[in-house]
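Peer 1: structure of the sequence below:
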Amino acid sequence: MRRRFVQKVFEKLLETEQMNLSDEMLVVAGGTAERDLLRDCGFDHVTITNLDSVEASSHVEPYQWAHEDAQNLSYPQKSFRWVVVVDGLHHCTSPHRALTEMYRVCTNGVLVIEARDSLLMRAAVRFGFSSRYELEAVAAQGGRSGGLENGPIPNHIYRWTEREFKKTIRSCDPTGDHGFDFYYGLNLPYETADLRGWTIRKLLLKPAELLLGAVTAVLPKQKNSIAMVATRPTGVHPWINQ
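Peer 2: Model (predicted):
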């Protein structure tokens, strides 16, 4: 389900011609999942980066591989047309720093897909259907990696809002008016339920999915996944020239 949402976002950006399959693209905090998705979409020029040495060059073919910290990218300004992250910023010590680095090295825009901070999401955490800390990612790696900075300490799951995303982008580039787009997806924690042994709660997920699907059809911002797009200004504020 998560993959379907991400793929639909890319398809929408291609359909509206904000993205082209020939665009130079940088993926931060990425790996084989992003390789499979972008390859299936048909993108030609992709560099996938991560701190994880397991995700070595042979695992992301036919794309390029680089060992990079999303919070301190080694690339010059405006090196890639698009910079993308899928569920990676919440592994950073400073998700906002990583976002501003992504923006720094893009020429056209950034695409960020993360968890959204909403009333329903807070209720899910309160009643134990979601987590504040990503224990399952570390457990899946045998307790050796997958947490904060890809280390063994489970990271806090930083959840975003549209307003917070806009403020961060505008703060790192105050020269003009950006283009912003947002898309929403609903993804229930079936994999998390297995990893945590939620036998009873897993049985409740399917009826919960039907109920939440009806609620979020009316209130889409209550979905738990958000794709956030920011494109560079096409002009500068008049007071800059003045």
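
Peer 1: going by C-alpha atoms from here, please, whenever you check contacts or count neighbours.
Peer 2: Will do.

Peer 1: quick one: mean pLDDT for the helix or strand containing Val215?
Peer 2: Assigned by DSSP states H and E, Val215 falls within helix 199-218. Summarised as a single mean, pLDDT over helix 199-218 is 63.

Peer 1: next secondary structure after it?
Peer 2: strand 225-231.

Peer 1: now that following strand: buried residues?
Peer 2: 225-231 (16 or more other Cα atoms under 10 Å).

Peer 1: which one of these sits closest to Arg132?
Peer 2: Ser225 (15.1 Å; Cα to Cα).

Peer 1: residues in contact with that closest one?
Peer 2: By Cα atoms under 8 Å, 6 or more residues apart in numbering, the residues touching Ser225 are 113-116, 184-187.

Peer 1: and the strands in the protein?
Peer 2: 24-27, 45-50, 64-67, 80-86, 106-115, 179-185, 225-231 (DSSP state E).

Peer 1: out of these, flag the one nearest Glu149.
Peer 2: Closest among the strands of the chain, using Cα to Cα: strand 45-50, at 9.8 Å.

Peer 1: hmm, who's touching the closest one?
Peer 2: 22-31, 35, 60, 63-70.

Peer 1: so Ile48 versus Arg35, what's the distance?
Peer 2: 8 Å (Cα to Cα, to the nearest Å).

Peer 1: now do the shared contacts for those two.
Peer 2: 60, 63.

Peer 1: which one of these two has more residues nearby?
Peer 2: Ile48 (27 against 22; other Cα atoms under 10 Å).

Peer 1: beta-bridge partners for the more buried one, please?
Peer 2: Val27, Trp65 (DSSP bridges).

Peer 1: quick check, pLDDT for it.
Peer 2: pLDDT for Ile48: 96.

Peer 1: next: Gly146.
Peer 2: Reading off the model, Gly146 has pLDDT 85.

Peer 1: alright, that wraps it up for me.
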